[in-house]
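Asks: Generate coordinates for the sequence data below:
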Amino acid sequence: MSNAAEETVPSGYKRTEVGVIPEDWTVTIVGSVASVKTGPFGSALHEKDYIDEGIPIITVEHLGDRGILHGEIPQVSESDYRRLSNYRLAEGDIVFSRVGSVDRNAHVNTSESGWLFSGRLLRVRIQSAQVSPKFLSFHFHTEAFKQRVRDVAVGQTMASINTKILSGILAVIPSSTKEQQLIAAALSDADALIESLEQLIAKKRLVKQGTMQELLTGKRRLPGFSGSFTSTTLGACLVSMPDYGINAPACPFSEDLPRYLRITDISEFGGFQTADPVSVDSVESDKYYLQEGDLVFARTGASVGKSYLYDKTDGPLVFAGFLIRVRPDPQLLDSGFLSAVVTTNRYWTWVSMMSMRSGQPGINGVEYSQLPLSLPTTQEQSAIARILSDMDAELDALEARLAKARQVKQGMMQQLLTGKIRLV
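Replies: Down below sits the predicted model:
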């Protein structure tokens, strides 16, 4: 009975080698609707030949999320451009990584038309008027298609594909070009929303950075405040010396055990990341619960200097041994003000210099105590911290909208690119 249920196909659909799809959709190989070509570079042109002004070259590093090209694009001279004219991109082309992450690919837009592509890429150029390039690009970003690419990749130490392999991979295409265009338009609208939110967040972060630069250095004073800032050190503003977290292994998350805070649970911007929670099971845990106003700093590795200001809305947290806790004296130092200071470029310059002086990639508690601070009164510190906290709240709300938009797009892809929902 189980097998019979698995074989049941809804009316209007059919079972194929890639799963159940609408009856009027087709399964074909990439090579039947497009040509696949390898780029020239590596032997024809080396990275040392790249110049500051010329014709841009797309390399594997530029294949960003959502199939969008990004990053600083290297360039070649006009003479090389003419010599390599067969390797120019056109609007609607799709470029694939040939080695490494072979499922990464990106769609070429009007602004990138005429650029060249490197030998670490494969160019897919649609040859059929019955196939929408934009639709095919979205199809190439489905997890099902990516998995088919990974399944046929070759190489012992590093995955790779070639023109023959990519040409032979199965693709699912609606027979109606109108339906392809409708699907592509809907997903493009979703991408446009995501891109607009990303740009707005980037702009807001720049505004916050400028505000911090002015307020934290005294270049701009809030109404009602004046006087000079006082030079001191972090250690002089704490109720006790910095202390280290618990030296205990993580265990699977349990509601009956404390939540464990590790370096990896702190985001790039000092937020608390709730994904992949773990717990800690130790009789010593009670000594390592964070309290409101506590900050923790990463003390070793590539993340040294990263910090997190404890927020009680994050729930009870026990901090791990690779973190150092500081507890500011509220009569001398506002925790929110300190949290802002340790995100500035000036702070990260200090982290870089201190890490080198220590002889190892790390900063210990004594060294963190030496962090130089320039402080206004605690009243002004608190006022500045509130302004920056409000800006952070706005950024958090935008980040939540962005995460939701990405989630919605993934759901749309799952429904539209499999034919579960039809736009006809």
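Asks: Read off the pLDDT value for residue 70.
Replies: According to the model's per-residue confidence, residue 70 sits at a pLDDT of 54.
Asks: send the alpha carbons of the host helix or strand of residue 138 over as CSV?
Replies: Assigned by DSSP states H and E, residue 138 belongs to helix 133-140. Below are the C-alpha coordinates for helix 133-140, written out as CSV (Å, rounded to 0.1, in the frame of the first residue of the first chain):
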residue,chain,number,x,y,z
PRO,A,133,17.2,32.6,-20.2
LYS,A,134,16.0,34.2,-17.0
PHE,A,135,13.7,31.2,-16.3
LEU,A,136,16.6,28.8,-16.9
SER,A,137,18.8,30.8,-14.6
PHE,A,138,16.3,30.5,-11.8
HIS,A,139,15.9,26.8,-12.5
PHE,A,140,19.7,26.4,-12.3
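Asks: does residue 304 really touch residue 356, like I thought?
Replies: No. With contact defined as CB atoms under 8 Å, residue 304 and residue 356 do not form a contacting pair (11.1 Å). No exception for glycine: its C-beta is placed from N, CA and C like everyone else's.
Asks: So for these two, which sits in the more crowded spot?
Replies: Using other CB atoms under 10 Å as the criterion, residue 304 and residue 356 rank with residue 304 on top: 20 against 10.
Asks: Can you name the next helix or strand after the lowest-mean-pLDDT helix or strand in the chain?
Replies: None of the helices or strands of the chain scores lower by mean pLDDT, DSSP states H and E than helix 2-7, at a mean of 49. The helix or strand immediately downstream of helix 2-7 is strand 13-16, counting by DSSP H and E.
Asks: Can you check which residues contact both of residue 304 and residue 356?
Replies: Taking CB atoms under 8 Å, 6 or more residues apart in numbering as the contact criterion, no residue touches both residue 304 and residue 356.
Asks: Give me the helices and strands touching the helix holding residue 138, please.
Replies: Contact partners of helix 133-140 among helices and strands, from 3 or more CB pairs under 8 Å, 6 or more residues apart in numbering; DSSP states H and E: strand 94-97, strand 105-107, strand 121-126, strand 170-174, helix 177-215.
Asks: Mean pLDDT lowest where, among the ones you listed?
Replies: For these, mean pLDDT drops lowest on strand 105-107, to a mean of 90.
Asks: Other residues contacting the helix or strand just after that one?
Replies: Stepping forward along the backbone from strand 105-107, the first helix or strand reached (DSSP H and E) is strand 116-117. Taking CB under 8 Å, 6+ apart as the criterion, the residues outside strand 116-117 that touch it are 39, 55-58, 76, 81, 84, 87-89, 95, 123.
Asks: at 7 Å instead, please
Replies: With contact meaning CB atoms under 7 Å, 6 or more residues apart in numbering, strand 116-117 is reached by 39, 55, 57-58, 76, 81, 84, 87-89, 95, 123.
Asks: same deal with stretch 13-31?
Replies: With CB under 7 Å, 6+ apart as the test, stretch 13-31 has contacts from 9, 12, 36, 124, 144, 166-175, 418-419, 422.
Asks: 8 Å instead?
Replies: Judged by CB under 8 Å, 6+ apart, the contacts made with stretch 13-31 from elsewhere in the structure are 7, 9-10, 12, 36, 124, 144, 148, 166-176, 418-419, 422.
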